[in-house]
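**Student:** model this:
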Amino acid sequence: MASIRVALETALFTLVVPGTVAVAVPQLLARRQPRPRLPIRPGVARVLGATSLASGAALYLHTTGRFAAGGGTPSPTDEPNELVTSGLYAQTRNPMYLAVLLVVVGQALVHRSVAVLWWAAGCWIGFHNRVIGYEEPHLARKHGVAYERYCERVPRWLPPLGRMG
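**Tutor:** Predicted structure coming up:
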């Protein structure tokens, strides 16, 4: 039953929070602010955008799977009890936020929307502020030395290029 609860709560959270941030708002911005457009050919923009969207969706599914394995969901009110450090969490401490950003950037590219690209920049600033202002102090209190060691090993956002793999 716990896995069904986790799956349903993850689906609901995903629809409401990342669904709004990464899908609904970019769609509204692209429709209401169609100009100016990004200076990129439509075909190239579609391919790059679809790649970013697919990568972001796959990354998000991976991260929610890691949380579910620990009995938690992406919701800040229902996090896993144990610190998640496996999978892509061994490369970056915040792959879930990166996943959402990839989806937003994918939307900006597909629509060639400057407004959506600005939304992506604003999202990144908001995510960064949440991570350093709330999540990192919270995880340090909750997990202590284990979290400190994790932070020493794993970068907050992007791993060095040679480290992937």
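
**Student:** can you measure across stretch 72-90, start residue to end residue?
**Tutor:** Chord length of stretch 72-90, first to last residue, is 18 Å (C-alpha to C-alpha, to the nearest Å).

**Student:** any residues touching that stretch, and which ones?
**Tutor:** 6, 9-10, 13-14, 17-18, 59, 62-67, 69-71, 95-96, 139, 143, 146-147, 150, 154 (C-beta atoms under 8 Å, 6 or more residues apart in numbering). To be clear about C-beta, it is placed using only N, CA and C from the backbone, and glycine gets the same treatment.

**Student:** show the contacting residues for residue 29.
**Tutor:** With the criterion set at C-beta under 8 Å, 6+ apart, residue 29 makes contact with 113, 115, 116, 119.

**Student:** could you list which of those residues belong to strands?
**Tutor:** Judged by DSSP state E, strands contain none of the contacts of residue 29.

**Student:** any idea how far residue 44 lies from residue 24?
**Tutor:** Remark: distance between residue 44 and residue 24 (C-beta to C-beta, to the nearest Å) = 26 Å.

**Student:** okay, now residue 58: neighbour count?
**Tutor:** Using other C-beta atoms under 10 Å, residue 58 has 12 neighbouring residues.

**Student:** so who does it touch?
**Tutor:** Residue 58 neighbours (C-beta under 8 Å, 6+ apart): none.

**Student:** among the contacts of residue 29, name the ones in helices.
**Tutor:** If you go by DSSP state H, the contacts of residue 29 have 115, 116, 119 in helices.

**Student:** ok, those residues vs residue 49, which is closest?
**Tutor:** residue 116 (10.0 Å; C-beta to C-beta).

**Student:** low-confidence ranges in this protein?
**Tutor:** Under the criterion pLDDT under 70, the flagged ranges of the chain are 1-2, 162-165.

**Student:** center of this protein, which residue is that?
**Tutor:** Centroid-nearest residue in the chain, with C-alpha atoms, centre = their mean: residue 97, separated by 2.4 Å.

**Student:** and that one, that's in a strand?
**Tutor:** No: Residue 97: not assigned to a strand; according to DSSP: H, G, I helix; E, B strand; the rest coil it is helix.
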